[in-house]
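> Quick one, what's the 3D model for this:
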Amino acid sequence: MSASPVTTAGAPPIERLPVTLPQLVEKKQLGEPIVMVTAYDYPSAQAAEAAGVDVVLVGDSGAMTVLGYPSTVPVSVEEMLMLAAATRRGLRTPLLVADLPFGSYEASNEQAIATAQRFVKEAGADAVKLEGGGAMAERARALVAAGIPVMGHVGLTPQTATALGGYRAQGRTAERARGVADDALALQEAGCFAIVFEAIPAAVATLLMERVEVPVIGIGAGAATDGQVLVFHDLLGIREGVGARFVKRYADLGAEMAAGVRAFAEDVRTRRYPGPDHTYSIDPHELERLRRLLG
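Below is the predicted model:
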């Protein structure tokens with residue numbers, strides 16, 4: 001993959017090389033925050049590329065933000081492959097991680113490997129992500145042994161949110177926090193190159209950071225983690241509602257999009273659009289010839 005040029009005012013372009021797994025480890029060691037965002041298509045990938053983020057996750061959250069499902073559970077492997085391939089075409093430098101959708105890896109190591117291989121071969125993913133510890137640590141171990149980099153995910157795991165009592169913070173008692181710790185350490189032992197901590201108390205994440213040696217990406221886990229991730233549609237205000245407690249909106253593009261379409265509709269209905277600037281011309285003589293040809 002070729003380098004991507006980055007320009008700053010008054011300076012020559014700086015070539016950005018593709019982000020690698022060792023670079024993420026180096027960032028952790030140096031205390032440099034890792035930036036991760038989700039993306040689900042070519043335009044959102046281009047935005048992530050232009051922003052210079054480190055990691056792009058094709059999250060199964062695209063089931064809700066892009067495909068309109070009520071949760072992440074219904075999305076299929078084929079749908080996720082389509083989203084991941086479109087995202088790949090818009091990226092040059094960030095590391096691309098693809099979520100393995102619910103039901104595509106839990107049954108056996110063989111199922112997990114076969115699914116992950118499709119994301120690497122067909123969609124161009126650099127790595128895959130799976131949710132949960134316990135038996136899923138064994139799936140992660142099998143994937144790593146097969147040569148596929150794996151990102152783990154503990155705390156609130158949306159694919160199994162119903163079993164966790166809904167979309168709510170996890171690890172808020174000592175026993176449950178110990179469970180999160182056990183999951184994280186199991187995934188680390190299995191060979192995951194990084195782990196997502198989602199929706200756990202900041203104090204718990206701080207304590208676990210003393211024990212986790214691989215890069216940790218937080219989402220609703222406080223500031224002690226090695227990096228942060230937000231959903232593209234949440235941080236840009238494209239989806240309805242205020243979102244989870246940890247969401248910070250950096251733009252209100254949803255309102256801007258609606259306003260733009262509303263203005264277009266008004267111009268069409270009042271015949272202000274299209275105007276002369278939006279039409280093509282024809283030579284008067286050619287127009288006259290056309291009249292004669294049409295009889």
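> quick one, domains of the chain?
17-251, 257-294 (automatic domain parsing).
> Could you identify which of these is most buried?
Highest mean neighbour count among these (mean count of other Cβ atoms under 10 Å): domain 17-251, with a mean of 19. Backbone N, C-alpha and C define where each C-beta goes, glycine included.
> Now do it: distance from first to last residue.
Start-to-end span of domain 17-251 (Cα to Cα, to the nearest Å) is 28 Å.
> how far out from the middle of the chain is stretch 220-230?
Stretch 220-230 sits 15 Å away from the centroid of its parent chain (Cα atoms, centre = their mean, to the nearest Å).
> Now do that stretch: distance from first to last residue.
Start-to-end span of stretch 220-230 (Cα to Cα) is 9 Å.
> what is the rounded mean pLDDT of that stretch?
Per-residue pLDDT over stretch 220-230 has a mean of 97.
> And stretch 198-207, by the same measure?
Rounded mean pLDDT across stretch 198-207 is 96.
> go on, stretch 239-250?
The model assigns stretch 239-250 a mean pLDDT of 80.
> Tell me the span between the first and last residue of it.
End to end - Cα to Cα - stretch 239-250 spans 13 Å.
> And for that stretch, what's in contact with it?
64-65, 167, 199, 219-220, 230-231, 233-237, 254 (Cβ atoms under 8 Å, 6 or more residues apart in numbering).
> Now with 7 Å, please.
Residues from elsewhere that reach stretch 239-250, judged by Cβ atoms under 7 Å, 6 or more residues apart in numbering: 65, 219, 220, 230, 233, 234, 235, 236, 237, 254.
> So which of those residues is the closest to residue 25?
Distances from residue 25 to these, taken as Cβ to Cβ, are shortest for residue 219 (20.2 Å).
> What's opposite that closest one in the beta bridge?
residue 198 (DSSP bridges).
> Please name the residues that touch it.
196, 198, 228, 229, 230, 246.
> Tell me how far it lies from residue 45.
To residue 45, residue 219 is 19 Å away according to Cβ to Cβ, to the nearest Å.
> Stretch 139-156 spans what distance, first to last residue?
Termini of stretch 139-156 sit 19 Å apart (Cα to Cα).
> Can you tell me what sits against it?
By Cβ under 7 Å, 6+ apart, stretch 139-156 touches 21, 97, 105, 109, 112-113, 116, 120, 126-131, 133, 164, 167, 169-171, 180, 183-184, 187, 190-200, 221.
> Run through the helices of the stretch 1-150 of the chain in chain order.
Remark: helices assigned in the stretch 1-150 of the chain by DSSP state H, counting those that start in this stretch are 21-30, 42-51, 62-65, 77-89, 109-123, 135-145.
> Take these and write them to TSV, including mean pLDDT and distance to residue 206.
Shown next, in TSV, are these (pLDDT from 0 to 100; distance: least, Cβ to Cβ, whole Å):
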stretch	mean pLDDT	distance to residue 206
helix 21-30	98	15
helix 42-51	97	28
helix 62-65	94	30
helix 77-89	98	32
helix 109-123	98	32
helix 135-145	96	23
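> Among the ones you listed, which comes closest to residue 264?
helix 42-51 (18.7 Å).
> on that earlier part again, and the contacts of residue 219, which of them are in helices?
Counting by DSSP state H, the contacts of residue 219 place none of their members in helices.
> need those residues in a markdown table with distance to residue 89, can you?
Shown next, in a markdown table, are the contacts of residue 219 (distance: Cβ to Cβ, whole Å):
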| residue | distance to residue 89 |
| --- | --- |
| 196 | 25 |
| 198 | 28 |
| 228 | 26 |
| 229 | 21 |
| 230 | 22 |
| 246 | 30 |
